[in-house]
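Q: Let me see the structure of the following:
(2 chains)
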Amino acid sequence: MTAVSDVSSHAIARARWRPAEIAFWVLAASCAFLFPSRYLIMTDILRLALFTLSLDLILGYAGIVSLGHAAFFGVGAYSAGLLALHGIINEPVIALVVAGLVAMVLGFLTSFLVIRGVDLTRLMVTLGIALLLEALAERFSNITGGTDGLQGIEMQPILGLFAFDMFGKTGFFYSLIVLFLLFLLARRIVNSPFGLSLRAIKNNPLRASAIGVPVNRRLIAIYTVAAFYAGIAGALFTQTTALASLDVFSFERSADLMLVLVIGGTGYLYGGLIGAVVFKMLQELFQTITPQYWLFWIGLVLVVMVLIGRERIHRWVLWGPNLIIRQVFGRKAGVAVPESDAP
Amino acid sequence: MTTLFTILFDGVAYGMLLFVLACGLAVTLGLMNFVNLAHGAFAMAGGYICAVLVNNQGWPFFSALPLAFVSAAAIGVALERTLYRHLYTRSHLDQVLFTIGLTFMSVAAVDYIMGSSRIFIKLPAALEGQFDFFGVGIGRYRLMIIVICGLLTVALQLILAKTRFGSRLRAAVDDPRAASGLGINVPQVFAFTFAFGCGLAGLGGALSAEILGLDPYFPLKFMIYFLIVVTVGGSSSITGPFLASLLLGIGDVAGKYYVPKMGPFVIYTIMIVILIWRPNGLFGRAAAR
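A: Presented below is the predicted three-dimensional model:
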């Protein structure tokens, strides 16, 4: 077997749908019928999952550490809010895509700044861009509403058919469908040759460029795509909650996002989704124990996770599901695993 | 013209303060290549300890300052020995996550113990008010900051350049393996340097309560400023971060005076431009290690 066919067969094997993945999505859809009274929190989880998926694309696949991903989330949120507030685009789906595109343009423009330099410079530049946008939003408070945020946003029915209700049922299904479609797209992207070249860049940029991968162009492309995803997540936030305020740009949002992704594991796309569920449940738990000081517990989770080692925790957690799946589907089948554990 | 001098004076005081706060970070981040986002937490610890000593225990301000240094350094060395040590060889992502976690914990802990409002340290009467110097208003407190921080800077430069410890540190940073081969106890040197940097941050925190304001969110609010000092200043010497702090201080004060509506916009823009132009910092070495 030649090297090329070996790589492609490996890639095709990875891209195949596993039973565990199908089970995951069936479970996600069935949540709608299992917990009909908790649409709002479930919508919150879906938005966070989409946002984390966006970070996973650049951090898990391309290895870009970003401390300012909230910049794109915020731009998407404000775009969707302004479009709806001034009645420019009334149809939520089109407004969603437009808001995503606005964030995408910003992502494309700033990607040139981000691909330069090493980890530390990237941290600083991403953080700086988010802070800069926050300062701008505060400065132009006549447009953004300043600290009060955009008020009086009224959403029109989706596709003219499904109106947003106060229990969040429409919002939930809307978010779920958007998340699923974008997940399919992300799955297609990371399993394509393009996605493989990103992994090569993450592992060793110098070697990747030596075998002919245009490193900078690939990084710009994935950064732009990730900005689009984050913009969509922000727009979903505005559309389902009908508000957008300055805190969409906040540093805590970017930092929480990192935590969500790290809980779920990087580099296999499901990390963001699982992390979002776990994070929201942790948040609920801590807020019932100590409403005011839950930041402390979040910090503690981060510290403990790093000290024990992220890979080790994921191995412990996956041990059970893997055992069950191997019993049911035979030796070869396995659940999707984080990048670091992949064979 | 006098306003210009006043701005310059305030800016220099502010910049000197930033330097004392951030120069510990310049060592850990620049020289030891460890991304320590929790540096501001040590500064906050020093500030709060000084505040408790002065306000509640009735210590004089000038004897509380050294204690702020010592206690921040003690916390630093305890954390370095127990936690930080394990993370020197880990990826930057792990270091970022770990230190953000520590920062969050410190913010919530201080909020819990001391309350969320801004605190002030009672200053001795000799430091309050200002006097005229050829028409330029000179704040006494700011003058004291310039004197203390100026002396510290000179002392640091001398320690690094002239003493045996300084040459050990430089050797350990340049090539840890060769240095330990020559019999230098590299972990010990790093631990000592880390503790000293934390102590300086604690001292800076105590001094900054009057100017920057001290509340539980201090580490998050000023994290970006410390990082700017280090990344813009580069890490090859102590002069780089020093000049960067002065630039940042003067730029921030002048920006707030002349274009108050733009707020922190000016600083962030300048930082991004400089990082694009020279990714290793204005005064950094050409090649990244």
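Q: Flag the shaky bits of chain B, pLDDT-wise.
A: For chain B, applying pLDDT under 70 flags the ranges B:235-236, B:263, B:284-289.
Q: For the stretch 151-300 of chain A, which residues are neighbours of chain B?
A: A:251-252, A:255, A:258-259, A:262, A:292-296, A:298-300 (C-beta under 8 Å from any C-beta of the partner chain). Where C-beta positions appear, they are placed from N, C-alpha and C, glycine not excepted.
Q: any chance of those residues in JSON lines, plus secondary structure?
A: Listed next are those as JSON lines, based on DSSP: H, G, I helix; E, B strand; the rest coil:
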{"residue": "A:Phe251", "secondary structure": "helix"}
{"residue": "A:Glu252", "secondary structure": "helix"}
{"residue": "A:Ala255", "secondary structure": "helix"}
{"residue": "A:Met258", "secondary structure": "helix"}
{"residue": "A:Leu259", "secondary structure": "helix"}
{"residue": "A:Val262", "secondary structure": "helix"}
{"residue": "A:Gln292", "secondary structure": "coil"}
{"residue": "A:Tyr293", "secondary structure": "coil"}
{"residue": "A:Trp294", "secondary structure": "helix"}
{"residue": "A:Leu295", "secondary structure": "helix"}
{"residue": "A:Phe296", "secondary structure": "helix"}
{"residue": "A:Ile298", "secondary structure": "helix"}
{"residue": "A:Gly299", "secondary structure": "helix"}
{"residue": "A:Leu300", "secondary structure": "helix"}
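Q: And these, which is the shakiest by pLDDT?
A: pLDDT across those is lowest for A:Gln292, at 77.
Q: okay, now it: neighbour count?
A: For A:Gln292, the neighbour count with other C-beta atoms under 10 Å in any protein chain shown is 11.
Q: thinking again about what came up before, make a markdown table from the residues of the stretch 151-300 of chain A next to chain B and add distance to B:Leu65 to it.
A: Output for these, formatted as a markdown table (distance: C-beta to C-beta, whole Å):
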| residue | distance to B:Leu65 |
| --- | --- |
| A:Phe251 | 30 |
| A:Glu252 | 32 |
| A:Ala255 | 32 |
| A:Met258 | 36 |
| A:Leu259 | 36 |
| A:Val262 | 39 |
| A:Gln292 | 32 |
| A:Tyr293 | 30 |
| A:Trp294 | 34 |
| A:Leu295 | 30 |
| A:Phe296 | 29 |
| A:Ile298 | 33 |
| A:Gly299 | 29 |
| A:Leu300 | 32 |
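Q: Among those residues, name the buried ones.
A: A:Phe251, A:Ala255, A:Met258, A:Leu259, A:Val262, A:Tyr293, A:Trp294, A:Leu295, A:Phe296, A:Ile298, A:Gly299, A:Leu300 (16 or more other C-beta atoms under 10 Å in any protein chain shown).
Q: Wait, the fifth one touches A:Glu311, no?
A: This points to A:Val262. No. Judged on C-beta atoms under 8 Å, A:Val262 makes no contact with A:Glu311 at a distance of 11.2 Å.
Q: Burial check on the nearest residue in space to A:Ser250 that is not next to it in sequence, number of neighbours?
A: Excluding the flanking residues, the one nearest A:Ser250 by C-beta to C-beta, 6 or more residues apart in numbering or on different chains is A:Ala70, at 6.4 Å. The number of residues packed near A:Ala70 is 31, by other C-beta under 10 Å.
Q: If I look at A:Ala70, what pLDDT would I see?
A: A:Ala70 is given a pLDDT of 93.
Q: Is any residue of stretch B:74-85 near chain A?
A: Yes. Against chain A, stretch B:74-85 shows contacts by C-beta under 8 Å from any C-beta at B:Leu83.
Q: could you pull out the strands for chain B?
A: Using DSSP state E, the strands of chain B run over B:130-133, B:136-139.
Q: now the helices: where do they sit in chain B?
A: B:2-25, B:39-51, B:61-82, B:92-114, B:140-162, B:164-174, B:176-181, B:186-208, B:218-233, B:239-258, B:265-277 (DSSP state H).
Q: do the same with the stretch 201-343 of chain A
A: A:205-210, A:215-241, A:251-264, A:270-289, A:294-308, A:310-329 (DSSP state H, counting those that start in this stretch).
Q: counting contacts, what elements does the shortest one pack onto?
A: The helices and strands touching helix A:205-210, judged by 3 or more C-beta pairs under 8 Å, 6 or more residues apart in numbering or on different chains; DSSP states H and E, are helix A:193-203, helix A:215-241.
Q: Which positions in the last one come out as buried?
A: If I follow you right, that is helix A:215-241. In helix A:215-241, counting by 16+ other C-beta under 10 Å, buried: A:215, A:218-241.
Q: What residues of stretch B:72-85 count as buried?
A: Buried residues in stretch B:72-85 (16+ other C-beta under 10 Å): B:Ala72, B:Ala73, B:Ile75, B:Gly76, B:Val77, B:Leu79, B:Glu80, B:Tyr84.
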